[in-house]
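# Using only what follows, build the 3D model:
(one chain, ligands or ions: 3)
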Amino acid sequence: MRHEDLTLHTDKYQINMMYAHWKNGTQNKKCVCEAFYRKNPFGNGYAVFAGLERIAYYLQNLNFSEEDINYLREQEEQYEEGFLEELRNFRFTGNLASVKEGTIVFPKEPLIRVEARIFEAHLIETALLNFMNYQTLIATKAARVKQVAPEDYLMEFGTRRAQEADAAIWGARAAYIAGFDATSNLLAGKYFGIPTKGTHAHSWVQSFASEEDAFRKFAEALPDQSTLLVDTYDSMKSGLPNAIKIGLELKDKGKTLKGIRLDSGDLAYLSIQARKMLDEAGLNDTVIVASNDLDEDVISELKGQGAMITSWGVGTQLITAADQPALGGVYKLVARENNGEYVPTIKVSGNVEKVTTPGFKTVYRIVNEDTGKAEADYIAMEDEKLPEKDIYLFDPVETYKDKTIHRFQAQELLQPVFKDGELIYDLPTVHEIKTYYNGQIKMFWPEHMRKLNPQTYFVDLSKKVWSTKMELLKQAAKN
Ligand SMILES: Nc1ncnc2c1ncn2[C@@H]1O[C@H](COP(=O)(O)OP(=O)(O)OP(=O)(O)O)[C@@H](O)[C@H]1O
Ligand SMILES: O=P(O)(O)OC[C@H]1O[C@H](OP(=O)(O)OP(=O)(O)O)[C@H](O)[C@@H]1O
Ligand SMILES: O=C(O)c1cccnc1
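Ligands and ions are numbered 1, 2, ... in the order given. From the prediction side, this is the model:
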């Protein structure tokens, strides 16, 4: 993973633009690009940023091999040898700043900022968005699941249904960051140090002449670690009675049946019955695990019905983000070098949502010192100085909606990650990211965090950014 060569993992138009810049002699001009998304996924009030670790590895390994060069020569006979020679020496030499993984983020604020030669800034757009969009999406979905089962044990079970191996592995990591406790994927566990968990499949039961024998043999192999899947034949009539029998046998030997897993039928009803039966048999420590196409809505519904489930295996719906399979993150050029200075650039659109915010910017989280809560995110020019107190915030569209926060802390969200092509950021472990994420969610008022119809959190522009945008919009209207 750390040494993966993904240099050609880009759209052909990036290489075409690089070629055209090279022909034009403008390939070394610098520019600033920002990655952001426009709309929260799943009707959520926020997203959980993820993807930076893979982006860092990707940038460190950028390098066109001889094989890549030969392939490009074959793909486009118009590419001149001089251009291919230039690619041979290609490295990422730019600066990159990013919000940390696990940060709660909002639409239209810069999440990653790239300052690089235009040649480099083009190449990396596709992969950056690919990593950020998927991992942020899955982390956000995981956060929603965690929100409805904050005290329970959450296991990520999605690998078999994920959109291929990368999605399974990086998705397991994203899920762990934002609330899951374990994954069933051992490779993800090995790469990132995520705890791994597993029960057994129906095939284990089917491979024996009787369910009882299957349960007994499994429990003998993994005493204290066995969670028995009770629905191969009939959960109530055979699975549970057999599991209880084995649980009592284990108890006699001083061992504990760890759990039973329900995987079909009415999970609320079955879990309530199962809890009663287990408790009556004295197996109070045996937990009830559920799986079967679960997501945050089903889990919340089951809890509402009084389900006695404390451990959840969540696969397909999480790893494929089934109700919204893509985060529409974009990467836009916001400033270009002209005579040694950056000139802000804008992308105008008939759709007001798609008009970009120009300039070499940064973003601060304005935390009210009196409440300790985040009040708004504030996008300012990178070289702007923020007031020490009394920061004036206004809605960039309905500008009459405003407020002043008197005592605040401004936390800069974009952190330096690459400087002149060097990775200068210590990549945190997934455990550190998880701890950071847990701190993040406490910084927001519950109305922004609820999963249904949350209140919009403010992402505001400084006066300078706002007036630069208005000025460029006026100029564009004249053209
Ligand atoms: N009490 C409940 N309330 C709401 N949804 C539930 C309840 N119990 C189960 N579900 C969910 O209903 C969905 C469909 O379950 P369904 O009963 O069709 O599956 P099944 O036929 O029992 O299982 P399978 O098709 O895997 O054999 C699943 O997503 C499941 O998690
Ligand atoms: O439902 P998910 O959230 O994706 O969780 C993972 C599912 O994978 C396994 O099923 P299996 O592959 O045996 O298929 P099944 O649907 O027939 O149980 C397991 O028993 C879960 O039901
Ligand atoms: O361990 C399990 O029970 C498991 C793992 C992956 C998918 N389904 C179930």
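
# Go ahead and produce CSV holding the CA coordinates of the helix or strand encompassing Thr435.
Assessed by DSSP states H and E, Thr435 sits inside helix 430-441. Output of helix 430-441 as CSV, limited to C-alpha atoms (Å, rounded to 0.1, in the frame of the first residue of the first chain):
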residue,chain,number,x,y,z
VAL,A,430,-6.1,4.9,12.9
HIS,A,431,-6.4,4.8,16.7
GLU,A,432,-5.2,8.4,17.0
ILE,A,433,-7.5,9.4,14.2
LYS,A,434,-10.4,7.7,15.9
THR,A,435,-9.7,9.5,19.2
TYR,A,436,-9.4,12.8,17.3
TYR,A,437,-12.8,12.1,15.6
ASN,A,438,-14.4,11.4,18.9
GLY,A,439,-13.2,14.8,20.1
GLN,A,440,-14.5,16.4,16.9
ILE,A,441,-18.1,15.3,17.3
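
# Give me the helices and strands touching the next helix-or-strand element following that helix, please.
Using DSSP H and E, the helix or strand that follows helix 430-441 in sequence is helix 446-449. Of the remaining helices and strands, none touches helix 446-449 by 3 or more C-beta pairs under 8 Å, 6 or more residues apart in numbering; DSSP states H and E. C-betas here are computed from N, CA, C, even on glycine.

# Off-centre distance for helix 446-449?
Relative to the chain's own centre, helix 446-449 is displaced by 19 Å; criterion: C-alpha atoms, centre = their mean, to the nearest Å.

# Please work out the residue of the protein nearest to ligand 2 and name it.
Gly315 (2.6 Å; C-beta to the nearest ligand atom).

# re earlier: residues contacting the helix holding Thr435, please?
Residues external to helix 430-441 that are found in contact with it (C-beta atoms under 8 Å, 6 or more residues apart in numbering): 48, 100-104, 143, 173, 176-179, 192-194, 428, 449.

# what does the stretch 51-200 of the chain have sitting close to ligand 2?
Counting by C-beta under 6 Å from any ligand atom, the positions of the stretch 51-200 of the chain adjacent to ligand 2 are Phe157, Arg160, Arg161.

# mind listing what Glu301 touches?
Counted by C-beta under 8 Å, 6+ apart, Glu301 has zero contacts.

# Quick check: buried residues in the one helix or strand it maps to?
Glu301 is part of helix 296-304, with elements assigned from DSSP H and E. With burial defined by 16 or more other C-beta atoms under 10 Å, the residues of helix 296-304 counted as buried are Glu296, Val298, Ile299, Ser300, Leu302.

# just stretch 60-78 next, same as before
Gln60, Leu62, Phe64, Asp68, Ile69, Leu72.

# and what of stretch 347-359?
Val355, Thr356, Thr357, Pro358, Gly359.

# and Gln409, helix, strand or coil?
For Gln409, the assignment made with DSSP: H, G, I helix; E, B strand; the rest coil gives strand.

# show me what contacts it?
Contacts of Gln409 (C-beta under 8 Å, 6+ apart): Ile366, Val367, Glu369.

# Please tell me how far it sits from Gly94.
30 Å (C-beta to C-beta, to the nearest Å).

# sorry, back to before: buried among the contacts of Gln409? Make that a PyMOL selection.
Here is the PyMOL selection string for the buried members of the contacts of Gln409, based on 16+ other C-beta under 10 Å:
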select buried, resi 366+367
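
# Now intersect the contacts of Gln409 with the helices, please.
Among the contacts of Gln409, no member is found in helices (DSSP state H).

# In strands, which of the contacts of Gln409 appear?
Ile366, Val367 (DSSP state E).

# would you turn the contacts of Gln409 into TSV with distance to ligand 1 and pLDDT?
As requested, the contacts of Gln409 are arranged in TSV below (distance: C-beta to the nearest ligand atom, whole Å; pLDDT from 0 to 100):
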residue	distance to ligand 1	pLDDT
Ile366	41	98
Val367	39	98
Glu369	44	96
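
# Let me know the closest of the contacts of Gln409 to Ala221.
Of all those, Ala221 sits closest to Val367, with 52.3 Å by C-beta to C-beta.

# Now do the SS call for Glu375.
strand.

# Please shift the residue numbers so they start at 34 in all later answers.
Okay, residue one is now 34; in that scheme the one you just asked about reads as Glu408.

# State the helix or strand in which Leu92 lies.
Applying DSSP H and E, one finds Leu92 within helix 85-93.

# contacting residues around that helix?
34-37, 39, 42, 125, 129, 131, 133-134, 145, 157, 160-161, 164-165, 168, 203, 206, 450-451, 456, 458, 460.

# Alpha carbons of that helix, as PDB, please.
C-alpha atoms of helix 85-93 as PDB (Å, rounded to 0.1, in the frame of the first residue of the first chain):
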ATOM      1  CA  LEU A  85      -5.400  11.600   3.400                       C
ATOM      2  CA  GLU A  86      -3.100   8.600   4.200                       C
ATOM      3  CA  ARG A  87      -3.600   7.100   0.800                       C
ATOM      4  CA  ILE A  88      -3.200  10.500  -0.900                       C
ATOM      5  CA  ALA A  89       0.100  10.900   0.900                       C
ATOM      6  CA  TYR A  90       1.400   7.500  -0.200                       C
ATOM      7  CA  TYR A  91       0.200   8.200  -3.700                       C
ATOM      8  CA  LEU A  92       2.000  11.500  -4.000                       C
ATOM      9  CA  GLN A  93       5.200  10.000  -2.500                       C
END
